[in-house]
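J.: sharing a model that was predicted from the sequence below.
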Amino acid sequence: LDAEKAGILTEQDLAEAREEMPIAMYDQEFRCSRVTQEERTLITSEMLSQLPPVDSVKLITNEIRKIVSIDPAFTGDVCKIGGIVNTDIEEERNIHPTKTEEIVLEGKVVARHIGTKNFIVDTGWNPGVADALAADEAGYNVIRFNSAAKPMDERFYANMRAEGYAYAARQVSKLQVARPKSQELIRQLPVAARYKTTTGGKLLIVPKQEIRKVLGRSPDDADMWMMGVYGLQKVEPESAKKQSKSQVPNFVVLGVG
């Protein structure tokens, strides 16, 4: 049933769906169009190739937003930490930690280097990193991102992971995101952003084990970047004419434990 022609939804409902959903998903759910596997990604390689450099993003928004995105991992997996400024990864760490304290310390170093106290941390299976940062006397602003948790908008998304990738995809389509400098990130994003729909018609990013089979590794770069882009909307912006990086006051990086 073509919802646009049937008149079962208001034009406002359809407009909201067009704004929130990837075009392929909208066509499938509301126009009953067939969607190929190649189209079932929120972020395509072509979309990424059209993105502007970071300086253009700063000029468009006339503001600076900063955040440190942390995708914790232990037992040999790579823990990705990215210092993100206006969606551009300015500082990056790839570590193989055995303790929470190692991730916290590296995150604080990255925060100091880019001049921010904003963090977004994946708390899906271990909230320890977010808890430690939130309790730190430096007064960090910590956003908790639980991929499996309920999304803010339950009409279209099955969980926060789906909502996060959908938000990042909208920013990409609006050219509000800087072109990634990392070729590995560019390789990962179109695969990490692949989606399915639930029986209730909600968007669901494909399981990580399926993504691993295609990439040959976990989509750590893509997940860290996605969380950072999602988190930037929730932090206070700075003026683009504000102090230069060298003028940002240093704050002490303290060990934990």
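T.: Structure's in. What do you need?
J.: for the stretch 1-150 of the chain, what are the low-confidence residue spans?
T.: 1-10, 14, 17-39, 56-61, 76 (pLDDT under 70).
J.: just the CA trace of stretch 226-235, in PDB.
T.: C-alpha atoms of stretch 226-235 as PDB (Å, rounded to 0.1, in the frame of the first residue of the first chain):
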ATOM      1  CA  MET A 226      29.200   8.300  14.500                       C
ATOM      2  CA  MET A 227      29.000   8.800  18.300                       C
ATOM      3  CA  GLY A 228      31.100  11.900  18.000                       C
ATOM      4  CA  VAL A 229      29.000  13.500  15.300                       C
ATOM      5  CA  TYR A 230      25.900  12.600  17.300                       C
ATOM      6  CA  GLY A 231      27.300  14.000  20.500                       C
ATOM      7  CA  LEU A 232      28.300  17.300  19.000                       C
ATOM      8  CA  GLN A 233      24.700  18.400  18.800                       C
ATOM      9  CA  LYS A 234      24.500  18.100  22.600                       C
ATOM     10  CA  VAL A 235      27.400  20.300  23.600                       C
END
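J.: and the contacts of it?
T.: Applying Cβ atoms under 8 Å, 6 or more residues apart in numbering, the external contacts of stretch 226-235 come out as 65-69, 71, 82, 84, 86-87, 89, 116, 118, 120, 122, 141, 143, 145, 164-165, 167-168, 171, 177, 192-193. Where C-beta positions appear, they are placed from N, C-alpha and C, glycine not excepted.
J.: now do stretch 177-187
T.: By Cβ under 8 Å, 6+ apart, the list of residues contacting stretch 177-187 from outside reads 45, 48-49, 51-54, 56-57, 86-89, 168, 171, 189, 215, 221-222, 225, 229.
J.: any of the residues you listed buried? List them.
T.: 48, 51, 54, 57, 86-89, 168, 171, 189, 215, 221-222, 225, 229 (16 or more other Cβ atoms under 10 Å).
J.: can you list which of those are found in helices?
T.: L48, V54, V57, A168, Q171, L189, L215, D221, A222, W225, V229 (DSSP state H).
J.: quick one: the last one from V206, how far?
T.: Yep, that's V229 we're talking about. As for V229, its distance to V206 is 19 Å (criterion: Cβ to Cβ, to the nearest Å).
J.: that older thread, take the ones in helices among the buried ones among the contacts of stretch 177-187 and write them to JSON lines, including distance to S182.
T.: Shown next, in JSON lines, are those (distance: Cβ to Cβ, whole Å):
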{"residue": "L48", "distance to S182": "11"}
{"residue": "V54", "distance to S182": "13"}
{"residue": "V57", "distance to S182": "16"}
{"residue": "A168", "distance to S182": "15"}
{"residue": "Q171", "distance to S182": "17"}
{"residue": "L189", "distance to S182": "10"}
{"residue": "L215", "distance to S182": "14"}
{"residue": "D221", "distance to S182": "7"}
{"residue": "A222", "distance to S182": "10"}
{"residue": "W225", "distance to S182": "9"}
{"residue": "V229", "distance to S182": "14"}
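J.: now for those: which two are most distant?
T.: V57 and L215 (26.4 Å; Cβ to Cβ).
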